[in-house]
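[1] Here is a sequence with its predicted model. Questions after.
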Amino acid sequence: MGQINDIASVTLENEMDLILAHKRSMRLAELSGLSLSAQTTFATAVSEVSRIIIEGGRNGSLVLCVENEPREKNIIARLKAPNLSAEKVKKGLEYAKRLVNNYKVSTQDYETSIELYYYISPSFRIDILKLDEWRNHFRNEPLVSPYEELRRKNDQLQELSEKVKKSESQYRTLTNSLPLIIFSLDFSGQIIYANEWLSKLTGYSIERLNAGGWKNVVHEEDYELFNLHFKKGINKNTHSIKIQSRIKNSISGDYLWHEVSFTSFKNENDELENWIGYIVDIHKQKIFEETLKDNAELKQTQSELKEQQVAMETVIEELNRSNQELQQFAFIASHDLQEPVRKLLFYSDSLLGKYAPSFDSKGVEYLTIMHASALRMRILIHDLLTFSQINKSEINYRQIDLNELANTVKLDLEMLVTEKKAQIHINQLPSVDGDERMMRQLFTNILNNALKYSKAEVSPVIHITSKITGEYYELSFRDNGIGFEEQYLPQIFTLFQRLHSREIYEGTGLGLAICRKIVELHNGKIWAESKPSEGATFFIHLPI
Amino acid sequence: MNDYQILMIDDDPDDRWMMEDALNTIGVEGVISFALNGEHALQMLDSLYKDVRILKLIILDLNMPVMNGTETLDRIKKDPRFKSLPVIIYSTSINPNEKEKCMKLGATSYITKPVSFDESIQTAKTFLSFCN
């Protein structure tokens, strides 16, 4: 038997001793030059038996030795425990015996001893020096009691945990200090973490948001899309999503535009762990964009409007010029036409007057017709002239007593009135603002017509009355003449339109057209009502 | 020697003839003299009528070339030699504004040109009433 040298020992009383036993076994095996797996194997075997001893509540011990035979070297674990039952021994060795090269069991004085042999082949000599070195090693090992060991481990954990907490706290501080909302989501779209900005903005806690609170926070128009991406996008393993939604600010109650984006977060094994979300307030940006767009649209509309204005101005200019030309034309034409017409009249009249006896009846007839034509032409030209001269620039506004005016006109038409045996009744008429000459022309034309278009056998009776309707004076001229069909109403106020054949009723068709022009220049309206052979009533509205 | 008492200023030969004819019908001759337009009239007034007392009446048409009626009227009335002469405006028809303008410039009255023979006689008699 070779020399068996004790190197280290461990009492086996509790769990902590188990750790030490394992540790020392490993260490001895390591010092002996064994590989890591051999170390582990040996230490495991020792642990197996040690456990049984400790479990039994026996005050056992472990001594680690080295057998230094020239031809065979072993490290030995000698485990001793008092009153260890055979059953327990069997149990302990069941696994351990397979791990070691050899084992021995012996009992003496009610104390069981189990020895585990593990073959070693060191590359160095195990001499006295080496043995002492090893013993010293174990002696100089910081003598830690199991409790100290545990406490050390606890301290380490504590330190680690504190580091983690601090790191977490730093993270929280960082994310809270950023002016954007950061949160992380799990696969079902539930928020795991969010910085304080989320609840500050929405006014909702994480729990409430997870419980369906998002619906109250996102604008109803944007919620559908939001929810779609929130749930669908996350489940679908897309890498990142970006959407714009209006989110309600809990303090102001306003819905503001935010950009919501999600990015997938993969762990070190490149597996999808969760989603990191960001919500950024982009409201000002959006408004700015919209304003720019609006501005651009506005600018365009403005320029289009300007173009139209310019076009319109051109048209108006054209119309004005054309209008002016027409006026001038009408004036000049009628003015210059008057001369020759006058001559015609004069000479045909002279012929009829002075030289009628020289003509035969046919000749006289011809002359009469010629004279009559010339006369009509004169009236027509005169009316045209009057018409063309009625325009805005000619109005001289003055307060006119219409009663007075009506009576004046009645006097002007005295001859015709007498001839027709007519009666003109003028009821209380108001005073209006207008051009006196034009008003006089107006009354003259209407009364003239009333007298002219009377029934052959019936003396004309004309009533002029007035009343107030809304913002207008309503004047009415009612006669008992021949009347007209109301379907011709639009025509009678038009230039040169006549309803009756010339033989019966003299005159041109300009009279009422002149009336309408005058009335419209005074911002009024003129119309008539009539039934054939039941007279006619002409109405005039003039603003008060 | 010129002792025409009436000066008629009218560019229309027919009108001039008409008036002359009317006067002749009444039996008056050598009373009227004619100028063809305003400028002509002023020249005549200047050279032939150094003694203005003989001239009793000016008949003035409005629609004339070179110098029209209103300007002629204005010139006559502004000339100290002739401003006291009565001037009758004699025109086919007149727009009331024009009439007002003439009266303001100092016209004595206004007569529309006759359209019948009888009227022309009447007009001639009116003119003669200014003469002696």
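    All right, it came through fine. Numbering: from 1, shown residues only, chains lettered A, B, ... in the order given.

[2] And for stretch A:287-294, what's in contact with it?
    By CB atoms under 8 Å, 6 or more residues apart in numbering or on different chains, the residues outside stretch A:287-294 that reach it are A:Trp257. In this view, the C-beta of every residue, glycine as well, is placed from N, C-alpha and C.

[3] That stretch: how far from the chain's middle?
    11 Å (CA atoms, centre = their mean, to the nearest Å).

[4] Check stretch B:20-36 too.
    Chain-centre distance of stretch B:20-36: 12 Å, with CA atoms, centre = their mean.

[5] Quick check: end-to-end length of that stretch?
    Counting by CA to CA, to the nearest Å, you get 14 Å between the two ends of stretch B:20-36.

[6] can you give me the mean pLDDT across it?
    Regarding stretch B:20-36, the rounded mean pLDDT is 88.

[7] Just to check, A:Met438 is in contact with A:Tyr397?
    No: taking contacts as CB atoms under 8 Å, A:Met438 lies outside contact range of A:Tyr397: 10.4 Å.

[8] Show me which of the two is the more surrounded one.
    More neighbours surround A:Met438 than the other of A:Met438 and A:Tyr397, with 23 against 11 (other CB atoms under 10 Å in any protein chain shown).

[9] Pass me the low-pLDDT residue ranges in chain B, would you?
    For chain B, the stretches flagged by pLDDT under 70 are B:1-3, B:48-53, B:132.

[10] What parts of it come near chain A?
    Residues of chain B lying near chain A by CB under 8 Å from any CB of the partner chain: B:12, B:14, B:18, B:63, B:92-93, B:95-97, B:113-118, B:120.

[11] can you give me the helices for chain B?
    Using DSSP state H, the helices assigned to chain B run over residues B:13-26, B:38-48, B:69-78, B:96-105, B:117-128.

[12] Please work out the angle formed by the directions of the host helix or strand of A:Leu298 and helix B:13-26.
    For A:Leu298, the element it lies in under DSSP states H and E is helix A:283-354. Per axes from the mean of the first three to the mean of the last three CA atoms, to 10 degrees, the angle that helix A:283-354 makes with helix B:13-26 is 30 degrees.

[13] Beyond helix A:283-354, next helix or strand please.
    helix A:361-389.

[14] What residues sit buried inside whatever helix or strand comes next after that next one?
    Using DSSP H and E, the helix or strand that directly follows helix A:361-389 along the chain is strand A:397-401. Neighbour-count burial for strand A:397-401, counted by 16 or more other CB atoms under 10 Å in any protein chain shown, picks out A:Ile400.

[15] can you list contacts of strand A:397-401?
    The contact list for strand A:397-401 (CB under 8 Å, 6+ apart) reads A:429, A:431-436, A:439.

[16] before we move on, the earlier item: let's test this: mean pLDDT of the helix holding A:Leu298, rounded?
    In this model, helix A:283-354 has a mean pLDDT of 86.

[17] try stretch A:207-226
    The pLDDT scores in stretch A:207-226 average 86.

[18] give the contact list for A:Glu471.
    Neighbour list for A:Glu471: A:543-544 [criterion: CB under 8 Å, 6+ apart].

[19] Give me the pLDDT for the residue nearest to A:Asn427 when sequence neighbours are not counted.
    Nearest non-adjacent residue to A:Asn427, counting by CB to CB, 6 or more residues apart in numbering or on different chains: A:Thr465, 4.5 Å away. pLDDT for A:Thr465: 95.

[20] Does the helix or strand where A:Thr465 lies pack against any helices or strands, and if so which?
    Per DSSP H and E, A:Thr465 falls inside strand A:461-469. With contacts taken as 3 or more CB pairs under 8 Å, 6 or more residues apart in numbering or on different chains; DSSP states H and E, strand A:461-469 sits against strand A:423-426, helix A:436-452, strand A:472-478.

[21] Compile these into CSV and extend it with columns for mean pLDDT and distance to A:Asn523.
    Output for the helices and strands packed on strand A:461-469, formatted as CSV (pLDDT from 0 to 100; distance: least, CB to CB, whole Å):
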stretch, mean pLDDT, distance to A:Asn523
strand A:423-426, 94, 24
helix A:436-452, 92, 13
strand A:472-478, 95, 10
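
[22] for the ones you listed, which one sits closest to chain B?
    Closest of those to chain B is helix A:436-452, at 6.0 Å (criterion: CB to the nearest CB).

[23] How far off centre is that closest one?
    What separates the centre of helix A:436-452 from the centre of its chain is 65 Å, taken as CA atoms, centre = their mean.

[24] nearest spatial neighbour of residue 30, skipping sequence neighbours?
    All of this is about chain A. A:Glu30's closest residue in space is A:Gln39 (CB to CB, 6+ apart), at 5.3 Å.

[25] wait, I meant chain B there
    B:Tyr4 (7.1 Å).

[26] What distance do you get for the one you found to chain A?
    Distance, B:Tyr4 to chain A, using CB to the nearest CB, to the nearest Å: 24 Å.

[27] Report the contact partners of that residue.
    Applying CB under 8 Å, 6+ apart, the residues near B:Tyr4 are B:30-33, B:54-55.

[28] Distance check, it against B:Ile58.
    Separation of B:Tyr4 from B:Ile58 (CB to CB, to the nearest Å): 11 Å.

[29] and what of A:Ala81?
    A:Ala81 sits at a distance of 168 Å from B:Ile58 (criterion: CB to CB).

[30] Show me which positions of stretch A:148-160 end up buried.
    Under 16+ other CB under 10 Å, stretch A:148-160 has no buried positions.

[31] now swap in stretch A:448-458 and tell me
    A:448-454.

[32] Which residue, neighbours along the chain excluded, lies closest to the residue in the stretch 351-500 of chain A that chain B sits nearest to?
    Taking CB to the nearest CB, chain B has its nearest neighbour within the stretch 351-500 of chain A at A:Gly353, 5.0 Å off. Leaving aside its sequence neighbours, A:Gly353 sits nearest to B:Phe117 (CB to CB, 6+ apart; 5.0 Å).

[33] can you tell me which residues contact that neighbour?
    So B:Phe117 contacts A:346, A:349-350, A:353-354 (CB under 8 Å, 6+ apart).

[34] Just the buried residues from those, in ChimeraX please.
    In ChimeraX, a selection of the buried entries from those looks like this (16+ other CB under 10 Å):
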select /A:346,349,350
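
[35] Show me the shaky parts of the stretch 401-544 of chain A.
    The stretch 401-544 of chain A contains residues with pLDDT under 70 at A:495-509.

[36] Residue numbers of the stretch 251-400 of chain A in contact with chain B?
    So the stretch 251-400 of chain A meets chain B at A:335, A:338-339, A:342-343, A:345-346, A:349-350, A:353-354, A:378, A:382, A:385, A:389, A:394 (CB under 8 Å from any CB).

[37] Report how many residues lie close to the residue nearest to B:Asp10 when sequence neighbours are not counted.
    Residue nearest to B:Asp10 in three dimensions, not counting chain neighbours: B:Asp61, with 4.0 Å by CB to CB, 6+ apart. The local packing of B:Asp61 (other CB under 10 Å) involves 23 other residues.
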